[in-house]
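Engineer: fold the following.
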Amino acid sequence: MFVSSGATVQVKQNSGKIGSWGDYYAKQAWKKPVAVLVDRGSASASEIFAAAIQDYQRGIIVGHQTYGKGTVQKLDDLSDGQIKLTESKFYRITGSGTQNKGVIPDIELPSSWDIETSGESSLYLSLPWDTIPPVRYRTFDIDEDILAAVKKSHLNRLNESPNMKYILNLRERYDLVKNKKELSLNIDISN
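Structural biologist: Alright, predicted model coming up:
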């Protein structure tokens, strides 16, 4: 719909076999500008979509670094319950994995909390980030001047917008409380 025909994602099986997935007969239906909004909760298929838009230079990604889920699991039945097994990993068309790193937005919005406390990289024994060979693909002609103007406007908004200042202030207070090592038990009850 957005990038016409070609690969959207690559998948590496646990056997080591690599294949690309996409629609090789698709026609581009939407030719207008595209912006994709993501946050730390964006995972799996939404990361594949955002990465493809970014890699094809079809639009811009706005928000926070995504979750970083670059694996495919399946459930196998046991005599008493189920077990979840990782059977493959998926990769961007550039060959870069999304595992642990996610998709880094072109325009990064401020967060009121530490996003590193969630996501695949915060999980115990998550699989590491890695790369595979890229597939052949052709990028769109994104106007670098427009992209630079959008980024400049965003930086101005960070400095001038009361809403952005509020979020940045929340983050400062979050960091102060998170890093606090002492709590005073002296309570003035005379008031």
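Engineer: check which helices and strands the longest strand along the chain sits against.
Structural biologist: Scanning the chain for the strand with the most residues, using DSSP state E, yields strand 81-91. With contacts taken as 3 or more CB pairs under 8 Å, 6 or more residues apart in numbering; DSSP states H and E, strand 81-91 sits against strand 6-13, strand 71-78. C-beta: built from backbone N, CA, C; applies to glycine.
Engineer: give me the nearest residue to the residue nearest in space to the middle of the chain, chain neighbours excluded.
Structural biologist: Against the mean C-alpha coordinate of the chain, by CA atoms, centre = their mean, the closest residue is Thr66 at 2.3 Å. In space, not counting the residues next to it along the chain, Thr66 is nearest to Gly102; the distance is 3.6 Å by CB to CB, 6 or more residues apart in numbering.
Engineer: ok, the one you found to Ala29 distance?
Structural biologist: Using CB to CB, to the nearest Å, Gly102 is found at 27 Å from Ala29.
Engineer: which one of those two has more residues nearby?
Structural biologist: Gly102 (27 against 8; other CB atoms under 10 Å).
Engineer: ok, the more buried one - contacts?
Structural biologist: Ser42, Glu47, Gln65, Thr66, Tyr67, Gly68, Lys69, Gly119, Glu120 (CB atoms under 8 Å, 6 or more residues apart in numbering).
Engineer: ok, the closest residue to Pro110 other than its chain neighbours to Asn100 distance?
Structural biologist: Closest residue to Pro110 apart from its sequence neighbours, by CB to CB, 6+ apart: Ile167 at 4.8 Å. Note on Ile167: its distance to Asn100, by CB to CB, is 25 Å.
Engineer: of these two, give the one with the bigger neighbour count.
Structural biologist: Taking neighbours as other CB under 10 Å, Ile167 and Asn100 compare with Asn100 leading, 19 against 15.
Engineer: how about the helices in this structure?
Structural biologist: 45-55, 144-160, 162-178 (DSSP state H).
Engineer: those helices: which one's closest to Pro134?
Structural biologist: Pro134 lies closest, by CB to CB, to one member of the helices of the chain: helix 45-55, at 9.0 Å.
Engineer: what residues of that closest one count as buried?
Structural biologist: Ser46, Glu47, Ile48, Phe49, Ala50, Ala51, Ala52, Ile53, Gln54, Asp55 (16 or more other CB atoms under 10 Å).
Engineer: from Ser153, how far out is Ser118?
Structural biologist: Going from Ser118 to Ser153 by CB to CB gives 29 Å.
Engineer: and those two? which has more neighbours close in?
Structural biologist: Shown here are Ser118 and Ser153; by other CB under 10 Å, Ser118 has more neighbours (14 against 11).
Engineer: for Lys69, see how far away the more buried one is.
Structural biologist: 12 Å.
Engineer: and the lowest-mean-pLDDT helix or strand in the chain, what does it pack onto?
Structural biologist: One helix or strand of the chain scores below all others by mean pLDDT, DSSP states H and E: helix 162-178, with a mean of 84. Where contact means 3+ CB pairs under 8 Å, 6+ apart, helix 162-178 is packed against helix 144-160.
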